[in-house]
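K.L.:
here's a sequence, model it:
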Amino acid sequence: MPAGIIEAVELFFKFGSQVWLVMAGFMMATLVYAWLVKADPSGFIRDLLNRKKQRLIQIRTMDYLSDEAKELAERELKQLALHPLTGIFNYRLQPLAVEFCHQFNQRPRYLASWRSWLSEEDGQIRFDKKWCQRAWWGYAYVNLPLSFGLVLAISGLIGWKAGIEYTAPAILLNMVTWCFPWLMFSSVPTPAMTRVLEADLEAFNNRETGASDECKLQSSRQ
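P.N.:
The predicted model follows:
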């Protein structure tokens, strides 16, 4: 193994505890952020609580409840039904997401990749471009380099201790077992994909006034 690599591995090994602590903290922070962004924990928890759905169905048949209470139960049921379809739990965004995907012939969960940066305002879909860009920069310039650096560090350490012939298998094993799954889980839509979304959102928000007013009325009733 070249002397430069050996020195780098020795330095890594010397300060291993501090380096592992920093990397572990970064991985945990990224994991929590990715889960909040991609996994939509609020919707995930509600999906697990199927008893809530059954209870809402019962509420609609209770004669002693007011029409307003039954209407709220109906709204909640609709929100629970549209979440698996659209990947979005925001009840104001759900009808807009359905209309958007139908208009542009997209898969039903197309907008789910950007849901953390989407909101509804006056019957239109608003996109927080600034925070989406920050998430992409964090993924491209922090997550990717550190993940691949960790793979190389672990593989280099294995090659140094066990023999250089084990370096390539160690790299492959690390990439398959955790690096690729990790990067896929924490991924952020690319700028090219986001530009397409922005163009479609602009066209969608400038659609005919009648359709916009109808969707705005539907969102306000929910």
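K.L.:
what's around residue 200, how many residues?
P.N.:
17 (other C-beta atoms under 10 Å). For glycine as for every other residue, the C-beta is placed from the backbone atoms N, C-alpha and C.
K.L.:
which parts of the protein are helices?
P.N.:
For the chain, the helices defined by DSSP state H cover 3-14, 16-34, 41-48, 50-59, 67-86, 93-103, 129-138, 144-162, 167-174, 180-185, 191-205, 209-221.
K.L.:
which helices and strands does the longest one pack with?
P.N.:
By that I understand helix 67-86. With contacts taken as 3 or more C-beta pairs under 8 Å, 6 or more residues apart in numbering; DSSP states H and E, helix 67-86 sits against helix 41-48, helix 50-59, helix 93-103.
K.L.:
average pLDDT for the last one?
P.N.:
Taken as a whole, helix 93-103 carries a mean pLDDT of 93.
K.L.:
which secondary structure elements does that helix contact?
P.N.:
By 3+ C-beta pairs under 8 Å, 6+ apart, helix 93-103 packs against helix 67-86, strand 118-121, strand 124-127, helix 191-205, helix 209-221.
K.L.:
those: lowest mean pLDDT?
P.N.:
Among the helices and strands packed on helix 93-103, helix 209-221 carries the lowest mean pLDDT, a mean of 49.
K.L.:
quick check: can you list the domain ranges of the chain?
P.N.:
3-39+91-221, 41-86 (automatic domain parsing).
K.L.:
deepest in the core, which of the helices and strands packed on helix 93-103 is it.
P.N.:
Greatest average neighbour count among the helices and strands packed on helix 93-103 goes to strand 124-127 (a mean of 18), per mean count of other C-beta atoms under 10 Å.
K.L.:
list the pairing partners of that strand within its sheet, with orientation.
P.N.:
Using DSSP bridges, the strands paired with strand 124-127 are strand 118-121 (antiparallel).
K.L.:
contacting residues around the strand it pairs with?
P.N.:
Strand 118-121 is contacted by residues 88, 90, 92-93, 96, 111, 125-128, 219 when judged by C-beta atoms under 8 Å, 6 or more residues apart in numbering.
K.L.:
repeat that for stretch 131-142.
P.N.:
26, 37, 114, 116-117, 186-191, 194.
K.L.:
buried sites along it?
P.N.:
132, 135-136, 139 (16 or more other C-beta atoms under 10 Å).
K.L.:
same question for it, mean pLDDT?
P.N.:
Stretch 131-142 shows a mean pLDDT of 93.
K.L.:
and if you look at stretch 169-180?
P.N.:
For stretch 169-180, mean pLDDT is 87.
K.L.:
can you list the buried residues in that stretch?
P.N.:
170-171, 173-175, 179.
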